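predicted coordinates and the sequence they were generated for:
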Amino acid sequence: DVKVTQSSRYLVKRTGEKVFLECVQDMDHENMFWYRQDPGLGLRLIYFSYDVKMKEKGDIPEGYSVSREKKERFSLILESASTNQTSMYLCASTTGVVPGETQYFGPGTRLLVL
Amino acid sequence: RKEVEQDPGPFNVPEGATVAFNCTYSNSASQSFFWYRQDCRKEPKLLMSVYSSGNEDGRFTAQLNRASQYISLLIRDSKLSDSATYLCVVANTGNQFYFGTGTSLTVIP
């Protein structure tokens, strides 16, 4: 089974702090994604990556950056956390072999910014 | 206009009932279609892919109508364990996925 893990299930940070969210997948997947999920808005894509050191902006990249130094790990960085970044953050991966294939999600990180 | 639109519900149905969810998408070039299930405070998990010919998995039937750009999910003989939020997901050739906001289902004993 594909396993996608995220470094924290719950996180509380203060406004202005730098926040790192880590995601690791163990199935040698090419593509990795970061979403945030908010009530009434659904999942919105922040960034995605097709390969090591490659990244593409999603629909809401402002206030976020990403890093993919190794194939299995995709990090989301909040340079200076703000209260409107309080959300559920979900990481996902796909093999990248077939366009539009199934996504596998991590358990999510609930971030609260005070 | 949103890429994917779903009726948020909630749908409250008795055990054994049949319930149907619909979803519309705006990009006629979309390539792949899915229904995901998300339990409260959990991550989304694939329920089933949706094919042009329609497909069935036990009590679940998914249909795709490309001409009208909508996807449907039919659940027969609802169980208490079917209570969840159902997400409609559409993917394009560029490997970007677009999610509906989800339809909430509660199956009542």
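Here it is on my side, so go on.

what does chain B have sitting close to chain A?
Applying CB under 8 Å from any CB of the partner chain, one finds that chain B approaches chain A through B:4, B:8, B:31-32, B:34, B:42-46, B:49, B:87, B:89, B:91-97, B:99-102. Where you see a C-beta, it was placed from the backbone N, CA and C, and this is true even at glycine.

which ones are touching A:Cys39?
You called it Cys, but residue A:39 is Pro. Neighbouring residues of A:Pro39 by CB atoms under 8 Å, 6 or more residues apart in numbering or on different chains: there are none.

which stretches of chain A form strands?
Remark: strands assigned in chain A by DSSP state E are A:4-6, A:10-13, A:19-25, A:31-38, A:42-49, A:56-57, A:64-70, A:73-78, A:87-94, A:104-105, A:109-113.

strands paired with the last one, and their directions?
When you say that, I think you mean strand A:109-113. When pairs are called by DSSP bridges, strand A:109-113 turns out to pair with strand A:10-13 (parallel), strand A:87-94 (antiparallel).

next, the angle strand A:73-78 makes with it.
Orientation check (axes from the mean of the first three to the mean of the last three CA atoms, to 10 degrees): strand A:109-113 against strand A:73-78 gives 20 degrees.

now strand A:109-113: average pLDDT?
Average pLDDT, strand A:109-113: 97.

pLDDT weak spots in the chain?
I'll assume chain A. By pLDDT under 70, the weakly predicted segments of chain A are A:1-2, A:97-100.

oops, I was thinking of chain B
In the predicted model, chain B carries pLDDT under 70 at residues B:94.

which strand residues bridge the closest residue to B:Ser30 other than its chain neighbours?
Distances taken as CB to CB, 6 or more residues apart in numbering or on different chains put B:Val90 closest to B:Ser30, at 4.7 Å, once the chain neighbours are dropped. B:Val90 has the following beta-bridge partners by DSSP bridges: B:Phe33, B:Tyr98.
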